[in-house]
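Student: Pasting a predicted model and its sequence here:
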Amino acid sequence: MPEKIRRVRRKRRSRSLPGVESFPSFRLDLPPVRVALYVAAAAVAVLLLVLFGTYGSKLYTGWHESRLLKRATAMLEKKDFVAANRLARQVLEHRRDSLPAFYILAEATEKQNSEQTVSWRAQVARLQPDNIDSQLNLASAALRFSQIDLARKTLERVAPRAQDLATFHIVAGWLARAEGNLAEQEQQFAIAVQKDPKNDLYKFNLAALQIRSQDSEKSAQARDNLERLTQVPEFHTGALRALLNDAVDRSDLQTADRFAQQLQMSPEVSFGDYLLCLNFYRKLDARKFGALLEKVKPVAARNSSDLGLLMDWMNENGLASEVVRWMDKLPDAATTKPPAAIAIAAAFAEQKNWSRLRRWTRSGSWGEGDYLRLAYQALAARQSHQSSADAEFDTLWRAALHAAADQPDREIKLARLASKWNLAIESEEIWSRLSRTPPSRREALDALYRLYRTNNDLKKLYDVLQRLHEASPNEIGITNNLARLGLSIDQNTKQAQELAKQAHDRAPEDLNCAVTYAFALYVQGHTTEGLEILQKLPPETLHEPHAAVYAAVLLLDVNQTDAAKEYIQVAKHGPIYAEEKRLLEDELTKISGAPPSPTPTPSPTPAPSATSTAPTPIPELSASATP
């Protein structure tokens with residue numbers, strides 16, 4: 001039995017040995033052509049898999065981006081700017097240089113009046129460097145948010161290719177306005193109208209400017225154009241605003257009342273228009289003012305933003321006590337949250353009701369406006385005159401700064417409050433920081449200028465004027481102020497002389513430019529020529545106290561003492577600056593033979609002799625002189 005089993009096992013093993021064909025083999029015999037087809041099909045399948053793996057995700061991404069852009073565009077058309085912004089940003093997550101996404105973001109933020117508009121317009125302009133419209137849109141956005149240096153550089157870059165475009169001259173006109181050159185603004189707007197005479201927008205811009213012209217013919221023509229534009233729907237409300245302001249300026253009460261009535265009846269009347277009418281009636285008709293204010297109050301109470309606007313307007317127009325009385329009649333839900341809560345705090349501050357301001361700001365939260373609650377609470381603490389007032393103020397003010405940190409919009413509001421409350425140290429700190437940020441630079445430098453002028457800090461004042469001039473070299477007022485201060489304190493005298501001439505060449509009929517240039521000639525030893533400049537001015541203009549200082553100095557320098565007396569008296573009785581007072585005193589001292597007083601700041605270069613040696617006859621200058 002065991003032997004039999006062994007034989008069976010050997011037999012089974014032999015069947016499994018290689019090469020032993022115990023069973024017939026199964027083989028598929030295919031024609032060669034068919035084999036080739038199968039191989040090709042397999043290769044195609046592999047290729048398709050590779051292609052899908054490589055490009056499939058890109059196809060999906062492109063489809064997804066297209067879908068997001070369509071949705072964003074739809075939201076933009078529906079004026080849902082928040083949604084449009086969010087969707088466009090999602091596109092940028094996949095394609096960081098998506099031109100349509102940048103365009104949507106620029107349009108959405110512009111409609112929201114956000115400073116981010118400038119950065120998005122800059123991205124569009126970067127991707128379209130040869131597109132003039134994109135460049136002009138960037139310049140326009142920069143002007144809108146006070147980035148004058150960016151606007152100027154952008155216009156300078158496209159000027160050679162854009163001089164024939166009306167839109168270029170419109171933007172150039174607004175740049176001139178930002179730089180304080182109203183004459184150039186009018187000239188640029190007039191060129192735009194010439195290049196596109198059928199464009200009512202350009203006509204509106206020019207008429208709104210020329211209606212304030214001293215040229216009676218220009219102002220009358222502008223008035224007629226604006227009257228016509230009141231019949232054009234898209235300009236109806238804007239034209240009425242301009243005509244109303246003009247009628248108020250001319251004290252034409254009947255005409256102003258007519259335009260105010262039309263403005264209130266306009267289908268596009270805004271809440272701001274009601275405030276414009278309130279301004280008019282407050283100045284000219286107390287009865288109608290009271291009636292309109294009572295009519296506007298319930299309208300404002302329906303909307304938190306309008307409520308805050310009206311309360312702010314009332315505070316600014318001496319009606320803070322009325323705000324406090326009105327708040328007691330409003331529901332707490334409307335008054336305890338911004339913007340009304342902030343306006344009410346401002347009303348308490350205007351009334352100097354520090355105890356109530358302290359209670360109003362002590363507790364609760366104003367949400368995103370809580371930094372303002374802390375600021376008003378800090379003010380109330382300082383005004384309490386308690387022993388711990390300064391320490392409490394510092395703690396609260398620092399907390400407000402911390403809550404506003406790295407958010408320029410908030411920091412600007414704190415800086416404005418610090419200036420308004422005469423907090424010199426605190427306002428200088430914030431404005432100095434903001435002056436290093438392009439969007440807020442101009443406002444910050446202007447605020448520092450006012451602060452240093454008030455404190456007679458001439459060195460810092462000169463430095464700020466230098467920075468203002470660097471940022472806006474074509475602004476006549478800044479150029480003139482820098483020149484005059486430099487001449488007065490012997491700072492960069494050569495540059496100051498050149499700047500004085502530049503300003504006068506650009507605005508020869510401007511009183512301040514003429515006075516500064518005459519002073520520059522005096523500093524160079526050409527007093528006679530300086531007096532000739534002053535003699536061309538209307539005599540009454542030299543009775544302005546600052547101008548009188550320089551008229552007196554030049555006359556004293558050429559020994560016209562009698563003619564100088566009248567201007568000396570005007571200067572002594574009027575508000576003049578510290579350096580002007582020193583200048584006049586030094587000239588009077590020079591005549592008496594005593595040594596002059598020291599200059600307020602060190603001089604890097606000595607001032608030239610102030611004695612005129614010109615052989616030409618010296619013109620007589622007095623209050624009765626004619627140009």
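Tutor: Here it is on my side, so go on.
Student: From the chain's centroid, how far away is stretch 274-292?
Tutor: Centroid displacement of stretch 274-292 relative to its chain, using C-alpha atoms, centre = their mean, to the nearest Å, is 29 Å.
Student: same deal with stretch 489-505?
Tutor: The answer for stretch 489-505 is 28 Å, by C-alpha atoms, centre = their mean.
Student: Tell me the buried residues in it?
Tutor: Buried residues in stretch 489-505, counted by 16 or more other C-beta atoms under 10 Å: 489-493, 496-497, 499-504. No exception for glycine: its C-beta is placed from N, CA and C like everyone else's.
Student: same for the helix or strand where residue 334 lies, what does it pack against?
Tutor: Element membership for residue 334, per DSSP states H and E: helix 332-335. Counting contacts by 3 or more C-beta pairs under 8 Å, 6 or more residues apart in numbering; DSSP states H and E, helix 332-335 is packed against helix 340-350.
Student: Which residues does the helix or strand following the helix it packs on contact?
Tutor: Using DSSP H and E, the next helix or strand after helix 340-350 towards the C-terminus is helix 354-362. Here helix 354-362 makes contact (C-beta atoms under 8 Å, 6 or more residues apart in numbering) with 341, 344-345, 348-349, 373-374, 376-377, 379-381, 383-384.
Student: Now with 6 Å, please.
Tutor: By C-beta atoms under 6 Å, 6 or more residues apart in numbering, the residues outside helix 354-362 that reach it are 345, 348-349, 373, 376-377, 380, 383-384.
Student: Of the residues you listed, which is the nearest to residue 324?
Tutor: residue 348 (7.1 Å; C-beta to C-beta).
Student: For that closest one, give its distance to residue 360.
Tutor: Residue 348 sits at a distance of 6 Å from residue 360 (criterion: C-beta to C-beta, to the nearest Å).
Student: With residue 221 instead?
Tutor: For residue 221 relative to residue 360 (C-beta to C-beta), the value is 53 Å.
Student: just residue 201 next, same as before
Tutor: Going from residue 201 to residue 360 by C-beta to C-beta gives 46 Å.
Student: Then residue 290?
Tutor: Applying C-beta to C-beta to residue 290 and residue 360 gives a distance of 27 Å.
Student: Between those two, tell me which one has more neighbours.
Tutor: residue 360 (23 against 12; other C-beta atoms under 10 Å).
Student: Give me the phi and psi for residue 145.
Tutor: Reported as degrees, to the nearest 10, the phi and psi values for residue 145 are phi -110, psi 30.
Student: The closest residue to it other than its chain neighbours: neighbour count?
Tutor: Distances taken as C-beta to C-beta, 6 or more residues apart in numbering place residue 115 nearest to residue 145, at 4.8 Å, with adjacent residues excluded. Each residue near residue 115 was counted by other C-beta under 10 Å, and the total is 17.
Student: What pLDDT does the model give the nearest residue to residue 270 once chain neighbours are set aside?
Tutor: Sequence neighbours aside, residue 237 is the residue nearest to residue 270 in space, at 7.7 Å (criterion: C-beta to C-beta, 6+ apart). Here, the pLDDT recorded for residue 237 equals 90.
Student: Next one: the closest residue to residue 339 other than its chain neighbours from residue 337, what distance?
Tutor: With sequence-adjacent residues excluded and distances taken as C-beta to C-beta, 6+ apart, residue 339 is closest to residue 308, at 2.8 Å. Separation of residue 308 from residue 337 (C-beta to C-beta) stands at 10 Å.
Student: ditto for residue 400
Tutor: For residue 400, the distance to residue 337 - C-beta to C-beta - is 18 Å.
Student: Give me the more crowded residue out of these two.
Tutor: residue 400 (26 against 17).
Student: List the buried residues for the strand or helix carrying that one?
Tutor: In the assignment (DSSP H and E), residue 400 maps to helix 389-404. Using 16+ other C-beta under 10 Å as the test for burial, helix 389-404 gives 392-393, 396-397, 399-401, 403-404.
Student: That helix - contacts with which helices or strands?
Tutor: helix 370-383, helix 408-420 (3 or more C-beta pairs under 6 Å, 6 or more residues apart in numbering; DSSP states H and E).
Student: what does the shortest one rub up against?
Tutor: In this case it means helix 408-420. Helix 408-420 is contacted from outside by 371, 375, 404, 426-427, 430-431, 440, 447, using C-beta under 6 Å, 6+ apart.
Student: Tell me which residues of it come out buried.
Tutor: For helix 408-420, a neighbour-count test (16+ other C-beta under 10 Å) marks 408, 410-415, 417-419 as buried.
Student: Out of these, the closest to residue 565 would be?
Tutor: Comparing the buried residues of helix 408-420 against residue 565 with C-beta to C-beta picks out residue 419 as the nearest, at 39.3 Å.
Student: ok, the closest one to residue 434 distance?
Tutor: 12 Å.
Student: Residue 93 too?
Tutor: 31 Å.
Student: For those two, indicate the residue with more neighbours.
Tutor: Neighbours were counted for residue 93 and for residue 434 using other C-beta under 10 Å; residue 434 has more, 21 against 11.
Student: what sits against the more buried one?
Tutor: By C-beta under 6 Å, 6+ apart, the neighbours of residue 434 are 440, 444.
Student: hang on, residue 346 packs against residue 315?
Tutor: Yes. Look at residue 346 against residue 315 with C-beta atoms under 6 Å: they come within range, at 5.1 Å.
Student: quick revisit: which neighbours do residue 348 and residue 360 have in common?
Tutor: Listed as contacting both residue 348 and residue 360 by C-beta under 6 Å, 6+ apart is no residue at all.
Student: can you redo the buried residues of helix 389-404 as a markdown table with distance to residue 265?
Tutor: Shown next, in a markdown table, are the buried residues of helix 389-404 (distance: C-beta to C-beta, whole Å):
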| residue | distance to residue 265 |
| --- | --- |
| 392 | 52 |
| 393 | 50 |
| 396 | 48 |
| 397 | 47 |
| 399 | 48 |
| 400 | 44 |
| 401 | 47 |
| 403 | 44 |
| 404 | 42 |
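Student: out of those residues, what pair is the most spread apart?
Tutor: The two members of the buried residues of helix 389-404 with the most space between them (C-beta to C-beta) are 392 and 404, at 18.8 Å.
Student: Run a quick neighbour tally on the closest residue to residue 390 other than its chain neighbours.
Tutor: If the residues on either side of it in the chain are set aside, residue 390 comes closest to residue 382, at 7.1 Å by C-beta to C-beta, 6+ apart. Neighbourhood size, residue 382 [other C-beta under 10 Å]: 18.
Student: Residue 382 against residue 393, yeah?
Tutor: Yes. Residue 382 is in contact with residue 393 according to C-beta under 6 Å; the separation is 4.1 Å.
Student: and for stretch 223-236, what are the contacting residues?
Tutor: Here stretch 223-236 makes contact (C-beta under 6 Å, 6+ apart) with 200, 203-204, 207, 211, 239-240, 242-243.
Student: Show me the residues you listed that map onto helices.
Tutor: In helices, defined here by DSSP state H, the members of the contacts of stretch 223-236 are 200, 203-204, 207, 239-240, 242-243.
Student: Serialize those residues to TSV and add fields for neighbour count and distance to residue 252.
Tutor: Output for the ones in helices among the contacts of stretch 223-236, formatted as TSV (neighbours: other C-beta atoms under 10 Å; distance: C-beta to C-beta, whole Å):
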residue	neighbour count	distance to residue 252
200	16	25
203	22	23
204	22	21
207	27	17
239	26	16
240	27	14
242	22	14
243	26	10
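Student: Now do the same contact list for residue 473.
Tutor: By C-beta under 6 Å, 6+ apart, residue 473 lies in contact with nothing.
Student: Assign it to helix, strand or coil.
Tutor: Put simply, residue 473 is coil when judged by DSSP: H, G, I helix; E, B strand; the rest coil.
Student: ok so, going back, can you tell me which of the buried residues of stretch 489-505 is nearest residue 331?
Tutor: residue 503 (56.2 Å).
Student: I'd like the average pLDDT over the helix or strand where that closest one lies.
Tutor: Residue 503 is part of helix 493-506 when elements are defined by DSSP H and E. The average pLDDT for helix 493-506 rounds to 95.
Student: And that helix, what does it pack against?
Tutor: helix 476-488, helix 511-523.
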